[in-house]
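Peer 1: Return atomic coordinates for the entry below.
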Amino acid sequence: MKVLIVTDAWAPQVNGVVFTLGQTCRELVRMGHQVEVLQPGLFRSVPCPSYREIRLSVPRPGAVGRLIRRHAPDALHIATEGPLGLAARRHARRLGLPFTTAYHTRFPEYLHARTRLPLSISYCWLRRFHGAAVRTMVPTAGVRDDLLAHGFDPAKVVIWSRGVDLEIFKPTAMGAEADGTGPRDPEARGSERRKSEPRDATVRHSKRPVFLYAGRVAVEKNLDAFLSLDLPGEKWVIGGGPALESMKKRYPDARYFGPMPHDELARHYRMADVFVFPSLTDTFGLVLLEAMACGCPVASLPARSTRDVLADSGAGVVSDDLRQACLQALSIPREIPARYAQGFSWQATTSTFFRHLQPIGRG
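Peer 2: Residues are numbered from 1 along each chain as shown. As a prediction, the model looks like this:
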């Protein structure tokens, strides 16, 4: 099939939506399909207010429709609710083309955190946007329940999970730690890492244990809940975002590494003792899978989506008391999260995505 994906989130942005779409496109091509992407790089763009790292497209009137007609796809998927998504939706409705959408981001909660805009207003707009689609794909059962509670049609909201690149994110291939049989005590684990990776200055100069957060550094990620904790060892933050500089000033004792390529990120997951996920608004959290695939247990607050991802795997601790969750997670053997993450592959999740697409009849 010829699949056309329309998205307002694309490289060089670095976030879960971009990575999910990139992996999905690659898997679709491997499956033998032709994939085209309408993305911001094809149009003039302007910085997003309050988040200059993100560019918003400003397509000329009719430009998106002309590109859709030129591509003549067999299936149309609108991945985001931004300017390109709106233009593609408008064109599809005008011509009577069926299409699918996806709900990647809890925009109502994000907007409420930033502007105090009432959730009811945002969800009303989202119901209208997604209501015209044949199906709306969401990452977890918890997100589906949330949308249904806000009036979405239960017949149209379907689950499309996420995956992890197990070739990049994997337990370290060094001695006992590689198969999860290494020492469980955090200080002993730190000593073992220092012996096995002596050339790495980050490990050599770190205090054990290491509690790591990776992802966007923004107000909606609830990083204060992590960085304000009284924990032994060190706190590491990997990623960039609009709140990075303010976090550095407020929590100078944490170590900030900025954004990283995936191979470096995987190496830091392997160095860390616990991955801390304080977000209450994420729809999935790809970083959860990445950290677990590297053998790093998780400590998190009880967000529904996080509970959906972890399930009863034993790969992490979910608690209202994030400090206790962090400390308890130290005792989780690293083979448990590593083994659990093996069940999430991009091949499987892309097959689900493809089944949810709606073919366009040509008449």
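Peer 1: going forward, measure contacts between C-alpha atoms and count neighbours the same way
Peer 2: Noted.
Peer 1: Would you mind measuring from the closest residue to residue 97 other than its chain neighbours to residue 84?
Peer 2: Once flanking residues are discounted, residue 97 sits nearest to residue 360: 6.5 Å by CA to CA, 6 or more residues apart in numbering. Taking CA to CA, to the nearest Å as the measure, residue 360 falls 20 Å from residue 84.
Peer 1: ok, those two, which is more surrounded?
Peer 2: residue 84 (26 against 15; other CA atoms under 10 Å).
Peer 1: The more buried one: what's it in contact with?
Peer 2: Residues near residue 84 by CA atoms under 8 Å, 6 or more residues apart in numbering: 6, 7, 8, 38, 39, 40, 57, 59, 64.
Peer 1: so where does the last one fall, helix or strand?
Peer 2: Think residue 64. Element membership for residue 64, per DSSP states H and E: helix 63-71.
Peer 1: hmm, back to that, quick check: pLDDT value at the residue nearest to residue 97.
Peer 2: As summarised for this prediction, residue 360 has a pLDDT of 95.
Peer 1: That one touches residue 95, doesn't it?
Peer 2: No. If you go by CA atoms under 8 Å, residue 360 and residue 95 don't touch, sitting 11.3 Å apart.
Peer 1: Report the buried residues of the helix holding residue 64.
Peer 2: 64, 65, 68 (16 or more other CA atoms under 10 Å).
Peer 1: likewise stretch 261-276?
Peer 2: In stretch 261-276, counting by 16+ other CA under 10 Å, buried: 265, 266, 267, 268, 269, 270, 271, 272, 273, 274, 275, 276.
Peer 1: Of those, which is the nearest to residue 48?
Peer 2: Taking CA to CA as the measure, residue 48 lies nearest residue 265 of those, at 26.6 Å.
Peer 1: how many neighbours does residue 167 have?
Peer 2: 8.
Peer 1: And the pLDDT for it?
Peer 2: Per the predicted model, pLDDT is 91 at residue 167.
Peer 1: Please renumber the chain so that the first residue is 12 from this point on.
Peer 2: In the new numbering, first residue 12, that becomes residue 178.
Peer 1: what about it, which helix or strand?
Peer 2: Going by DSSP H and E, residue 178 is not in any helix or strand.
Peer 1: Same check on residue 247?
Peer 2: Counting by DSSP H and E, residue 247 is found in strand 245-249.
Peer 1: With residue 101 instead?
Peer 2: Secondary structure (DSSP H and E) places residue 101 in helix 94-106.
Peer 1: CA atoms only: put that helix into CSV for me.
Peer 2: Extracted as CSV, the C-alpha positions of helix 94-106 are listed here (Å, rounded to 0.1, in the frame of the first residue of the first chain):
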residue,chain,number,x,y,z
PRO,A,94,-1.5,23.1,11.5
LEU,A,95,-0.6,20.3,9.0
GLY,A,96,-3.0,17.9,10.7
LEU,A,97,-5.8,20.5,10.5
ALA,A,98,-5.2,21.2,6.8
ALA,A,99,-5.1,17.5,6.0
ARG,A,100,-8.3,16.8,7.9
ARG,A,101,-10.0,19.7,6.2
HIS,A,102,-9.0,18.4,2.7
ALA,A,103,-10.0,14.8,3.5
ARG,A,104,-13.4,15.9,4.8
ARG,A,105,-14.0,18.1,1.8
LEU,A,106,-13.3,15.2,-0.6
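Peer 1: Can you mark which positions in that helix are buried?
Peer 2: 94, 95, 96, 97, 98, 99, 100, 101, 102, 103.
Peer 1: That helix versus helix 74-82: what angle between them?
Peer 2: Interaxial angle, helix 94-106 versus helix 74-82 (axes from the mean of the first three to the mean of the last three CA atoms, to 10 degrees): 60 degrees.
Peer 1: From the chain's centroid, how far away is helix 94-106?
Peer 2: 25 Å (CA atoms, centre = their mean, to the nearest Å).
Peer 1: Next: stretch 82-100.
Peer 2: 21 Å.
Peer 1: ends of that stretch, how far apart?
Peer 2: 16 Å.
Peer 1: Can you pull out the low-pLDDT segments for the stretch 12-161 of the chain?
Peer 2: 61-62, 64, 121-124 (pLDDT under 70).
Peer 1: Do a quick rundown of the strands in it.
Peer 2: 13-17, 45-49, 56-59, 62-68, 86-89, 111-113, 146-149 (DSSP state E, counting those that start in this stretch).
Peer 1: again, but for the stretch 212-361 of the chain
Peer 2: Using DSSP E, counting those that start in this stretch, strands in the stretch 212-361 of the chain cover 221-225, 245-249, 266-269, 285-288, 309-311, 327-329.
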